[in-house]
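Q: Build the 3D model from these lines:
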Amino acid sequence: METDSRPFDALPAPAEPEAGGDALRDPALYLNRELSQLDFNFRVLAQAQDPSVPLLERLRFLCISCTNLDEFFEIRAATVRHALDLGLPAQSDGLAPAQLLELIHDRAAQLVDAQYRCWNQVLRPALAEAGVGVLGRNSWNARQRRWLRAWFRNKVMPVLSPLGLDPSHPFPRILNKSLNVVVVLEGMDAYGRPGHLAIVRAPRSLSRIVELPPSLAGKGRQSFVLLSSMLAAFVDELFPGMQVLGAYQFRVTRNSDLVVDEDEVDNLASALRTELVGRGYQPAVRLEIAHDCPKPIVRTLLQNFELGENAAYYIDGPVNLNRVIQAYDLVQRPELKYPPFTPRNGLEEADIFKTVARGDVLLHHPFDSFNGVLDLLARAAGDPDVLAIKQTLYRTGKNSAIVDALVQAARNGKDVTVVVELRARFDEDANLGVADRLQEAGVQVVYGVVGFKTHAKMLLIVRREGRRLRRYVHLGTGNYHSGTARAYTDLGLLTADPEIGNDVHLLFQQLSGLAPSNRLKRLLQSPFTLHSGILKRIAREAQLAASGRPGRIIAKMNALNEPQVVRALYMASQAGVQIDLIVRGACTLRPGVPGVSDNIRVRSIVGRFLEHSRVYWFGNDGRPELYGASADWLERNLLRRVETCFPILDPALAERVQREALHNYLADNCNAWELGADGSYRKCAPAEGEAPYSAQQALLEAL
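A: Below you'll find the model as predicted:
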């Protein structure tokens, strides 16, 4: 398999034709990104409803859909609300912010209803039948109730601080996504004050799920009770002498997108620490409230959170349903989970450097072990011939072996430079800790580029070999995170190719030394050459098809919304290019539109592992080009982030990536969903006489 080695700059620049260019800007040709992202969570929820999935894994998928929805409101819905406040215009899909918020509410309400029906009618009964009970307060027997009341008195009550609402006790500040109960009271308190409403906040120190002792659960059973159930059942203990007329759990979701004006701060780390303190109390975007809560109380809560009626979601169950995920780890029942697997060791030889120097090594996670990357870095940290190590870190996880190795390398006298992206969403605090630890060990820590998140995944090791220096490089589509390497599909390339090594060296110079943009020989980078390079490649396939030769594009990514790329794909389809897109999440391109996207097919794969690899393949008239990348085809990735896109130059490895990461997924008829021209997704199923085929399962069976 030959690979075109020409740099992207050598290709003709794409240009939108005068005729038809404006027609492709028609808002009707674009799906809305936020609504498309919501639809992804319906596909995740479908895994929870699939009886062929092990029961505890179904529970996990339900909780993932709930956690995803939390993040959707914290970031995506909050951004739309902010756009409404600023009076910003509609995006490429033509939906104004006010109209979009209404559509988000309607679609999210459908998702919430489906989640709780799945929990109440399907999973909770199935778990109980399997010997795993999550017990509501109406199902406790007398012994269980006594034990739980004692637990409440001894473990919960001492840390609760109920607050009665009156002129001297205004409505309290409610932390983002915290569990709360609003209590309706009647009677007089110790000071003769009439009761009306009180708020009980559950501190974060309290476990949200409690396991009953085996003697109370029943033989061969495990039983759990949610803290929210205990609060509702025993809240009267907090108000002696008063009558509790009702107790209704609620949870508020707030805008969690940190905004730091980097041009106005002298120290980004210090500014982020300040912002993180207030993150939990940013403007509210959603209220989850018990479905039986009286309307006047709902209105009071909405008024205090400055929310409209379309921000309220009525919950038939625990408002923090995602907390049930704790049962997944507490229940040790292998038959209720996916079978374990042992990844391949992609680097079996003792001398890793010799292996990589001999030829490129491809790692396809989680089917190939991430230990190869960890071993390479650990070996480099202790190798006297290694002079320097440079690495980017976006997300690393707790107790990271990567960070341990970098610290050890610095202590061993290596010159270590690490670009830590402090603005990695929801990992800001953890990354501040990582940066502090690295600096204490003598590592040179760089916080990236003002205005551009560093999302690239790259590692550079400089080693003395005889009289010359050799560069060893790892480039990946996913983070340097051992946990996600077991749960996400990603690609990693280990290479000693001199040109790739020099490109990565130049990129680190840009990030750490304020160097100008350099012409790279092999790599593409955002925000400089990746966007234009993709457009040029798409335009070249269109030119081939227009001249009567085959035009072909296959691309796999997490999301797609960049308007110029979408228009370029439309034009390529009109020219006759056959295009297959494997887009896990949000996709604004509308496939199958007559005369516009007849030749474009879009599918989403949702299975055991989170599909995370980004792979671009262009037919190039029989000289295919194949790239792995850290970037999706999103505006932010292509225009506002530091990203890398790297070629797979070894023909055998390129053929393997094409087979495993592209054609394999196009053949899936079990976990694939096809996107229609109307914006809806249809679950694929084997045709009559066709055998079921799961891409992820096929890769597992090949281990």
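Q: Tell me the pLDDT of the closest residue to E335 other than its chain neighbours.
A: Once flanking residues are discounted, E335 sits nearest to P54: 7.5 Å by C-beta to C-beta, 6 or more residues apart in numbering. Backbone N, C-alpha and C define where each C-beta goes, glycine included. At P54, the model reports a pLDDT of 98.
Q: cool, and D427?
A: 69.
Q: And P167, by the same measure?
A: 52.
Q: One more: the one 10 residues further on?
A: On pLDDT, K177 comes in at 93.
Q: before we move on, what SS does it have?
A: Put simply, K177 is coil when judged by DSSP: H, G, I helix; E, B strand; the rest coil.
Q: To what extent is it buried, counted in neighbours?
A: Residues lying near K177 (other C-beta atoms under 10 Å) number 21.
Q: same check, this time on A130
A: The local packing of A130 (other C-beta under 10 Å) involves 16 other residues.
Q: Grab the nearest non-local neighbour of it.
A: L55 (5.8 Å).
Q: looking at it, the one you found is touching A126, isn't it?
A: Yes. Counting by C-beta atoms under 8 Å, A126 is a contact partner of L55 at 5.9 Å.
Q: Assign K556 to helix, strand or coil.
A: What three-state DSSP gives for K556 is strand.
Q: got a list of what it touches?
A: L581, I582, V583, E611, S613, R614, V615, Y616, A661, L662, Y665 (C-beta atoms under 8 Å, 6 or more residues apart in numbering).
Q: How about R682?
A: W673, E674, G676.
Q: so what's R486 up against?
A: Residues in contact with R486 (C-beta under 8 Å, 6+ apart) are P343, H365, P366, F370.
Q: So which bits of stretch 101-111 are buried?
A: Using 16 or more other C-beta atoms under 10 Å as the test for burial, stretch 101-111 gives L101, I104, H105, R107, A108, L111.
Q: Repeat that for stretch 415-432.
A: Of the residues in stretch 415-432, 416-424, 427-428, 430-432 count as buried by neighbour count, 16+ other C-beta under 10 Å.
Q: Which stretches in the stretch 401-550 of the chain count as strands?
A: All strands of the stretch 401-550 of the chain, identified by DSSP state E, counting those that start in this stretch, fall at 415-420, 444-446, 453-454, 458-465, 468-476, 488-495, 524-526.
Q: what about these, which gets the closest to V122?
A: Nearest to V122 among the strands of the stretch 401-550 of the chain is strand 488-495; the distance by C-beta to C-beta comes to 26.8 Å.
Q: So which other helices or strands are in contact with the closest one?
A: In terms of contacts (3 or more C-beta pairs under 8 Å, 6 or more residues apart in numbering; DSSP states H and E), strand 488-495 is packed against strand 361-365, helix 371-382, strand 468-476, strand 610-611.
Q: Can you add mean neighbour count and mean pLDDT and give the ones you listed back as a markdown table?
A: Shown next, in a markdown table, are the helices and strands packed on strand 488-495 (neighbours: other C-beta atoms under 10 Å; pLDDT from 0 to 100):
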| stretch | mean neighbour count | mean pLDDT |
| --- | --- | --- |
| strand 361-365 | 22 | 96 |
| helix 371-382 | 20 | 93 |
| strand 468-476 | 20 | 97 |
| strand 610-611 | 22 | 96 |
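Q: E306 is nearest to which of these?
A: Using C-beta to C-beta, the helices and strands packed on strand 488-495 put strand 610-611 closest to E306, at 35.2 Å.
Q: ranges for the helices of the stretch 201-350 of the chain?
A: Assigned by DSSP state H, counting those that start in this stretch, the helices in the stretch 201-350 of the chain fall at 214-217, 227-234, 268-278, 295-304, 326-330.
Q: Buried ones in the shortest one, by neighbour count?
A: Buried residues in helix 214-217, counting neighbours by 16+ other C-beta under 10 Å, are found at L216, A217.
Q: Export only the CA atoms of it, formatted as PDB.
A: C-alpha atoms of helix 214-217 as PDB (Å, rounded to 0.1, in the frame of the first residue of the first chain):
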ATOM      1  CA  PRO A 214     -25.600  -9.300  54.500                       C
ATOM      2  CA  SER A 215     -27.900 -10.300  57.300                       C
ATOM      3  CA  LEU A 216     -30.400  -7.700  56.200                       C
ATOM      4  CA  ALA A 217     -30.000  -8.100  52.500                       C
END
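Q: Contacts for it next, please.
A: Contacts of helix 214-217 (C-beta under 8 Å, 6+ apart): G133, R143, Q144, W147, E211, Q222, S223.
Q: What mean pLDDT does it get?
A: 92.
Q: try the third one
A: Confidence over helix 268-278 (mean pLDDT, whole number) is 60.
Q: how many neighbours does the residue nearest to A130 have?
A: So L55, with other C-beta under 10 Å, has 20 neighbours.
Q: Report the contact partners of it.
A: L123, A126, L127, A130, L336.
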